[in-house]
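A.B. asks: sequence and predicted structure, then a few things I'm wondering about:
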Amino acid sequence: FLLLLTKMLVIFGGVMGALAYTTLLERRVMAFVQMRPGPNRVGPFGLLQPLADGLKFLLKEQVVPGSANVFLYYIAPIVSLIPALLSFAVIPFGPSLTVADVNVSLLFIFAITSLGVYGIVLGGWASNSKYPLIGAMRSSAQMLSYELSLTLSVVGVLMIANTLSLTSLVHAQSGYWFGVIPRWNIFLQPVAFVVYLLSGIAETNRLPFDLAESEQELVAGWHTEYSGMKFAMFFLAEYANMITVSALATIMFLGGWNGPVFGPPLLQLLLPTLWFAIKIGVFIFFYILIRATIPRVRYDQLMY
């Protein structure tokens, strides 16, 4: 029980820290792309900016629209955040760093993350405002449509590995071909990888597919009427889903935590988790770079 509790605290603490600093990374990278400094005043190199943002969210006035459905309005951010965080319970961050090694963990993640759309739909509808409602309707249609291609993109990988366990998927990609090329599924399933990547970006409502928010058209989309910690919960859920999609891409196509292991025993123990984190970081950087460089598509083009 104590070992399980320790794993839960380590993984949850690491994920929450990663979510906070992903926001800083995104702002800094986008600033450099657009030739401006970005947040660099709060702490050295702006490293304390996420803490300042968190305090601001905690202290902001909680504004509730007068005509909103109050119960659903408050419950929507929770419905978005909890499934986004629950998926981390079955993601293996290393050979022995997972809270629950379930033999159908991939199925569990697809099931639990598909519930997140309910938070968006409830938030948009409960606000009783036209822009959030349009954003919620867009999001529901978008996520239902792209979930099909997202699920089908992993079928080839599952047929190769013959398992739904994420840990077994990583073990199936151990070793090398010809002593040089890693046995990663990206080399066997390149089309599936591209389909998964595009569908994952659409599923997480990120540019160029962020039609549910679409600031130029819908103010801020489904979370227009949210402020303070309720808005922060929606924000965290989006970044948590980004990390989940990146972690699954790493596990299914890039060999998970597999990588060169060398040095003293302590380093050998830490290196797999480090390789896993680096691969996730590459995907997150790719997410941010896409947002900074590619314009948003029209809604009819997205659905087409």
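C.D. replies: Right, received. Where do you want to start? These figures come from a predicted structure and were not determined experimentally.

A.B. asks: shaky segments in the stretch 101-250 of the chain?
C.D. replies: Applying pLDDT under 70 to the stretch 101-250 of the chain flags the ranges 214-219.

A.B. asks: mind listing the helices for it?
C.D. replies: In the stretch 101-250 of the chain, the segments counted as helices under DSSP state H, counting those that start in this stretch are 105-113, 116-126, 130-153, 155-161, 166-171, 185-188, 190-203, 215-218, 228-253.

A.B. asks: report all helices and strands that the third one contacts.
C.D. replies: With contacts defined as 3 or more CB pairs under 8 Å, 6 or more residues apart in numbering; DSSP states H and E, the packing partners of helix 130-153 are helix 116-126, helix 190-203, helix 215-218, helix 299-303. (C-beta placed from N, C-alpha, C; glycine too.)

A.B. asks: just the fourth one next, same as before
C.D. replies: Of the remaining helices and strands, those touching helix 155-161 by 3+ CB pairs under 8 Å, 6+ apart are helix 166-171, helix 185-188, helix 190-203.

A.B. asks: who touches that helix?
C.D. replies: Taking CB atoms under 8 Å, 6 or more residues apart in numbering as the criterion, the residues outside helix 155-161 that touch it are L106, L164, S168, L169, A172, Q173, N185, L188, Q189, A192, M252, F253.

A.B. asks: please apply the same query to the second one.
C.D. replies: Contacts with helix 116-126, where a contact means CB under 8 Å, 6+ apart, come from 68-73, 75-81, 83-84, 132-137, 139-140, 143-144, 205, 212, 221-223, 226, 234, 237, 241.

A.B. asks: what subset of those is buried?
C.D. replies: 68, 72-73, 75-77, 79-81, 83-84, 132-136, 139-140, 143, 205, 212, 221-223, 226, 234, 237, 241 (16 or more other CB atoms under 10 Å).

A.B. asks: hmm, back to that, among the helices and strands packed on helix 130-153, which is nearest A292?
C.D. replies: Closest approach to A292 among those (CB to CB): helix 190-203, 13.6 Å.

A.B. asks: now that closest one against helix 130-153, angle please.
C.D. replies: Between helix 190-203 and helix 130-153, the angle comes out at 160 degrees (axes from the mean of the first three to the mean of the last three CA atoms, to 10 degrees).

A.B. asks: buried residues, helix 190-203. List them.
C.D. replies: The neighbour-count criterion (16+ other CB under 10 Å) identifies A192, F193, V195, Y196, L197, S199, G200, I201, A202, E203 as the buried residues of helix 190-203.
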